[in-house]
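>>> Next come a sequence and a model predicted from it.
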Amino acid sequence: MEKEGKLIGEITHYFSNIGVAVLNLSDALSAGDEVRIIGGETDFNQTIDSMEVDHKKIEKAKKGDDVGFKVAQKVREGYKVFKV
């Protein structure tokens with residue numbers, strides 16, 4: 001099994017109608033970073049193309065921020081997010 005990478009946060013909400021997840025960060029994240037999302041039967045990697053805080057587009061987010069970003073697959077609250 002490959003290494004997950006560094007844990008950077010946990011999914012706190014998922015908007016299925018728009019395919020957007022909210023991630024509570026325990027570490028920094030930047031647009032362009034690759035993340036791995038793991039939980040339940042789900043395990044996939046994706047690049048963060050863009051993210052938002054309070055409906056404003058941002059390039060970098062810091063620990064403690066709640067960021068929204070589009071996800072390639074359905075996720076659920078509590079899924080872990082790792083920086084690859």
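Received it, and whenever you're ready, just let me know what you need.
>>> Look through this protein and tell me its longest strand.
Longest strand of the chain, by residue count under DSSP state E: strand 6-15.
>>> who touches it?
With CB atoms under 8 Å, 6 or more residues apart in numbering as the test, strand 6-15 has contacts from 20-29, 35, 37, 39, 66, 71, 74-83. Where you see a C-beta, it was placed from the backbone N, CA and C, and this is true even at glycine.
>>> elements contacting the helix or strand following that strand?
Once the chain leaves strand 6-15, the next helix or strand it forms, by DSSP states H and E, is strand 20-25. The helices and strands touching strand 20-25, judged by 3 or more CB pairs under 8 Å, 6 or more residues apart in numbering; DSSP states H and E, are strand 6-15, strand 66-70.
>>> Is it possible to get TSV of the ones you listed that adds mean neighbour count, distance to residue 50 and mean pLDDT?
Below are the helices and strands packed on strand 20-25 laid out as TSV (neighbours: other CB atoms under 10 Å; distance: least, CB to CB, whole Å; pLDDT from 0 to 100):
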stretch	mean neighbour count	distance to residue 50	mean pLDDT
strand 6-15	16	15	98
strand 66-70	18	7	98
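>>> Might you list the low-confidence residue ranges for the chain?
Counting by pLDDT under 70, the chain shows low-confidence ranges at 1-3.
>>> out of everything not next to it in sequence, what's closest to the most centrally placed residue in it?
Nearest to the centroid of the C-alpha atoms of the chain, with distances taken as CA atoms, centre = their mean, sits residue 23, at 5.1 Å. Nearest residue to residue 23, sequence neighbours excluded (CB to CB, 6 or more residues apart in numbering): residue 9, at 4.8 Å.
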